[in-house]
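In: Build me a model from this:
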Amino acid sequence: MEHHFQQLKPKQWILPFPLKTEIPQLEPGTGNAKGAKEAKEESYSSLSEDYNSTDSENESNPSQRRKDLSPGCVPSAGCTVAAQRRCHLARPQADYLPLDVSNDCQPSRRRESNDSESEDESYMNNLHFVPKMRSLRQRMAEHMVPVSDESSEDEAETKWEEQQIKKAVKLPQVIVSFFRIASLQDVHRAHQREYGKYMEDIESSKITVQELEKSSDAAMNYKFYRGMKTYVENLVNCFNEKLKYIDELESAVHALLQQRATSVLKRRQDELKMESAYMQHLTENASSFYFSVEPKNQACRRQLRERSQKAGHHEGMSSDDELSVTELAEFQKSKDNILEESRKIFEDVHADFCDIRKILLKFQEWKEKFPDSYCDAYISFCLPKLLNPLIRVQLINWSPLENSPDLEEMPWFRAVKEFSDAEKSSESKRDCDPDEEVLPRVIEKTILPKITAFVKNVWDPLSTSQTENLIQLCNNVFEKQVLSRSECSQAKRDLINMVVLRMKKSVEEDVFIPLYPKRGFNTPPATKYACSVSSLLQLLSNVLLWDGIVQEDTVRDLGLSKLLNRYLLLNLFNTTPGPENIEKCKEMVACFPERWFQNLGSGSTLPELLNFCQHLLQCARMLHRNNHSDETEEVILLLVKIKALCIAEEFIEEYKLEHLRSVIRK
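Out: Predicted structure coming up:
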């Protein structure tokens with residue numbers, strides 16, 4: 001046995017698993033080698049007794065022993081002690097443990113069979129089938145720390161026992177720690193779920209708070225919408241009640257103006273009838289029938305013109321603004337009565353329902369507080385119609401044919417423009433503000449129809465003052481004030497069509513050229529002819545003023561094809577060229593728009609002016625033959641102005657007037 005332990009001395013190991021064998025505890029102060037040796041001998045003696053008892057049991061029940069030693073089965077404590085005892089008793093006899101413990105004589109038989117194979121070969125052959133069973137001390141030696149001498153063997157064994165005890169204590173702690181980690185993980189997951197639930201509750205609470213905050217303003221919002229609804233209903237009811245009075249006063253003003261225009265037109269028609277009757281008597285050789293005394297009204301107008309010294313007036317021009325004192329007084333009295341009635345329309349109405357600025361402030365407040373609902377209600381489209389009655393009341397005394405105040409100076413215009421431009425000054429400006437269209441729509445829905453009514457019933461195309469005022473207003477509305485985003489609105493087309501229709505009617509009905517034999521310019525027929533030509537020139541000038549507003553083709557057709565070629569040239573050809581004839585030609589050329597001659601071909605003029613150019617050429621030839629060089633040069637200048645350069649060069653080449661070529665080059 002000592003020899004066996006000497007073989008284990010070079011290296012000893014610590015066993016990695018605890019044994020169920022009870023280790024005797026050393027008393028304090030008895031840690032010497034002798035006490036340890038005695039304890040070890042006692043342990044071996046107990047092991048020997050256990051071995052004998054266990055061996056006898058195993059021999060009596062070998063199947064139970066094989067079952068305990070079967071792979072994968074943990075042996076009992078008794079079996080382990082018995083195995084240790086057998087190993088201890090077998091060491092003096094052999095170097096190994098028998099595989100079959102039931103056959104006690106197998107080791108001796110193996111030593112006797114040296115003839116067939118050696119002991120080492122038998123041992124190696126057994127290793128191929130079953131792993132060699134190691135004793136307890138061998139397994140202990142594998143895990144024990146190597147010691148240098150025999151004296152430290154007991155210390156190493158003690159240290160090994162302490163390590164096994166620590167492992168035995170540590171394993172439950174590891175198991176407990178593992179279950180504690182699992183428990184903490186479950187708690188952590190529960191806390192995470194609870195945290196997620198709390199976060200959802202927080203978000204839900206925030207949404208609820210926002211809804212409650214909004215609902216707190218719901219009462220105020222409802223109050224505002226309720227008040228706005230009531231205000232609009234009262235406003236509409238007020239306008240519906242006052243609208244009939246507005247229509248009556250507006251119709252009265254139009255009737256008064258139309259009556260004055262009708263009287264002027266009747267006066268002109270009466271004069272044309274008198275001239276026609278006089279020309280009829282001339283054809284019957286009753287030349288003494290000429291009116292030696294002018295009509296009373298015509299004489300009064302002549303006296304007014306002489307006192308006013310109106311420049312540029314010629315005999316025969318329209319003088320509709322030259323009313324008699326009685327007519328003027330009656331007209332002004334009737335107009336003042338209408339204006340007085342118009343001031344009483346909203347006399348019993350609160351300012352919040354009749355002041356355009358205050359009305360627009362109500363809607364501006366709506367827009368600032370609730371812009372979405374403001375846009376959804378299309379207030380920008382409703383305001384022009386809503387403000388129409390109030391604007392019409394302010395326009396009762398306004399006429400587009402007279403020197404009335406400009407639209408920009410009127411209170412309603414300034415209020416609507418400030419409302420339309422309010423969004424431009426604010427920081428929260430939208431890309432497309434619908435209120436910018438309020439003013440254009442007011443002009444389109446209210447102003448243009450009123451102008452169209454004046455053109456239809458009141459405007460006299462022969463009146464230069466009315467035509468100039470009307471054209472100035474149209475230019476201001478069409479160019480300075482953008483109507484709408486559509487290229488051409490229906491109201492604008494209706495106005496232009498009415499202007500064209502009224503001019504056509506005037507050309508067909510208000511023009512009269514008497515035809516009579518040629519006489520001297522101082523005779524009464526010549527005087528009546530001069531009046532007719534002056535009237536035609538006035539109408540021609542008024543028609544051509546519409547260039548740029550009315551289409552160019554329409555203006556050229558009315559002015560050149562009809563007035564010039566059909567009436568004026570017919571009478572110019574029948575007159576003797578002279579200073580007065582040349583003066584009329586200058587007036588005609590002055591009426592032509594200059595832009596008509598800018599893009600013409602070299603040496604050519606408008607097709608409608610070819611007959612007029614031939615008349616100028618005949619006048620130039622007659623004046624040159626009569627040695628009127630200054631008048632001849634004036635005629636050449638007229639040809640150059642209307643771009644009839646070929647005709648002018650033809651005349652210069654015909655009469656060898658080289659000094660006039662400088663006029664053409666200019």
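
In: Return the set of buried residues in whichever strand or helix holds N497.
Out: Per DSSP states H and E, N497 falls inside helix 490-509. By neighbour count with 16 or more other C-beta atoms under 10 Å, helix 490-509 contains the buried residues 491-492, 494-496, 498-500, 502-504, 506-507. (Each C-beta comes from the backbone N, C-alpha and C, glycine too.)

In: which residues sit against it?
Out: By C-beta atoms under 8 Å, 6 or more residues apart in numbering, the surrounding residues in contact with helix 490-509 are 444-445, 448-449, 451-452, 455-456, 459-462, 474, 478, 483, 539, 543, 546, 549-550, 554, 558, 562-563.

In: Would you mind checking these for buried ones?
Out: Applying 16+ other C-beta under 10 Å to the contacts of helix 490-509 flags 444-445, 448, 451-452, 455-456, 459-462, 474, 478, 483, 539, 543, 546, 549-550, 554, 558, 562-563 as buried.

In: Just those: which are in helices?
Out: L448, I451, T452, V455, K456, C474, L539, V543, T554 (DSSP state H).

In: tell me the contacts of the fourth one?
Out: By C-beta under 8 Å, 6+ apart, the contact list for V455 reads L470, L495, M498, V499, R502.

In: I'd like to know which of those residues is nearest to E203.
Out: Closest approach between those and E203, by C-beta to C-beta: L495, at 62.3 Å.

In: wait, what's in contact with the nearest residue to that closest one once chain neighbours are set aside?
Out: Closest residue in space to L495, ignoring its immediate chain neighbours: T452 at 4.8 Å, by C-beta to C-beta, 6 or more residues apart in numbering. When contacts are counted by C-beta under 8 Å, 6+ apart, T452 touches A491, D494, L495, M498.

In: can you tell me how far the third one sits from E365?
Out: For L495, the distance to E365 (C-beta to C-beta, to the nearest Å) stands at 36 Å.

In: can you check the last one too?
Out: Using C-beta to C-beta, we find M498 at a distance of 40 Å from E365.

In: what does P593 give?
Out: Counting by C-beta to C-beta - P593 and E365 are separated by 50 Å.

In: Help me confirm that K335 comes into contact with A252.
Out: No: counting by C-beta atoms under 8 Å, K335 sits too far from A252 to count as a contact (9.3 Å).

In: before we move on, the earlier item: now do the same for the helix holding N497: mean pLDDT, whole number.
Out: Helix 490-509 comes out with an average pLDDT of 92.

In: Okay, angle between it and helix 448-457 too, please.
Out: Our comparison of helix 490-509 with helix 448-457, counting by axes from the mean of the first three to the mean of the last three C-alpha atoms, to 10 degrees, yields an angle of 10 degrees.

In: And R226, which helix or strand is it part of?
Out: helix 153-283.

In: avg pLDDT for that helix?
Out: 83.

In: just stretch 416-429 next, same as before
Out: Rounded mean pLDDT across stretch 416-429 is 72.

In: again with stretch 621-635
Out: 88.

In: List of residues touching it?
Out: Counting by C-beta under 8 Å, 6+ apart, 577, 579, 582, 585-586, 616, 619-620, 651, 655, 657, 660, 663 sit against stretch 621-635.

In: same deal with stretch 588-603?
Out: Here stretch 588-603 has contacts from 537, 540-541, 544, 547-548, 552, 556, 559, 564, 568, 605-606, 612, 638, 641-646, 649, using C-beta under 8 Å, 6+ apart.

In: If we use 6 Å, what do you get?
Out: L540, S541, L544, D547, L638, K641, K643, L645, C646 (C-beta atoms under 6 Å, 6 or more residues apart in numbering).

In: same thing with stretch 548-564?
Out: Outside stretch 548-564, the residues that touch it by C-beta under 6 Å, 6+ apart are C474, I496, V500, M503, V507, L540, V543, L544, W546, D547, E608.

In: any idea which of those is closest to A261?
Out: Distance to A261, by C-beta to C-beta, is smallest for M503 among these, at 15.2 Å.

In: Now the closest one: closest residue in space, sequence neighbours ignored.
Out: P461 (5.2 Å).

In: what's the distance between that neighbour and L539?
Out: For P461 relative to L539 (C-beta to C-beta), the value is 6 Å.

In: what angle do the helix holding N497 and helix 153-283 make?
Out: Using the same axes, to 10 degrees: helix 490-509 against helix 153-283 is 10 degrees.

In: C-alpha coordinates for helix 490-509, CSV please?
Out: These are the backbone C-alpha positions of helix 490-509, laid out as CSV (Å, rounded to 0.1, in the frame of the first residue of the first chain):
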residue,chain,number,x,y,z
GLN,A,490,-68.6,88.3,-69.4
ALA,A,491,-69.4,91.8,-68.0
LYS,A,492,-66.5,93.3,-69.9
ARG,A,493,-67.6,91.6,-73.1
ASP,A,494,-71.2,92.9,-72.6
LEU,A,495,-69.9,96.5,-72.1
ILE,A,496,-67.7,96.4,-75.3
ASN,A,497,-70.5,94.9,-77.4
MET,A,498,-72.9,97.6,-76.2
VAL,A,499,-70.4,100.3,-77.1
VAL,A,500,-70.1,98.9,-80.6
LEU,A,501,-73.8,98.5,-81.0
ARG,A,502,-74.4,102.1,-79.9
MET,A,503,-71.8,103.5,-82.3
LYS,A,504,-73.2,101.5,-85.2
LYS,A,505,-76.7,103.0,-84.5
SER,A,506,-75.3,106.5,-84.4
VAL,A,507,-73.5,106.0,-87.7
GLU,A,508,-76.7,104.8,-89.3
GLU,A,509,-79.2,107.3,-87.8
